[in-house]
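>>> I would like to see how this sequence folds:
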Amino acid sequence: MNRFKVISGSADSSYSGSIYKVQALEASTFRIEFSKVKQQDSTEYKNARSITDNIALPAGFTIEGPIGRVKVISGASLVFFGIHGT
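Sure, this is the predicted structure:
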């Protein structure tokens, strides 16, 4: 069973870590860096592919990772962090 820590993301907020997915609560725009999953005892992640263009999502849509970093440019969202060891 997967367990997540969920954070509410708003415009001009940034998050990093082992992000499982991002869900738009309303029409939102993001900048996302996809990555390999961060190791449990590490504070770094390996950047596998970076998206530099803005990504627009309609309300209710999700983008799944693994994601290393996400910046919410506009809108409101939920950011799901994976909890290791579950």
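
>>> C-alpha from now on. contacts and neighbour counts both.
Noted.

>>> not counting sequence-adjacent ones, nearest residue to residue 58?
residue 27 (4.4 Å; CA to CA, 6 or more residues apart in numbering).

>>> pretty sure the one you found contacts residue 72?
No - here residue 27 does not reach residue 72: they are 11.2 Å apart, not a contact under CA atoms under 8 Å.

>>> higher neighbour count, these two?
Ranked by neighbour count (other CA atoms under 10 Å), residue 27 and residue 72 place residue 72 first, with 24 against 15.

>>> one step back: per-residue confidence for the residue nearest to residue 58?
According to the prediction, residue 27 has pLDDT 96.

>>> next one: the one 10 residues further on
Looking at residue 37, its pLDDT is 53.

>>> check residue 20 too.
91.

>>> ok, so what distance separates it from residue 63?
With distances taken as CA to CA, to the nearest Å, residue 20 is found 9 Å from residue 63.
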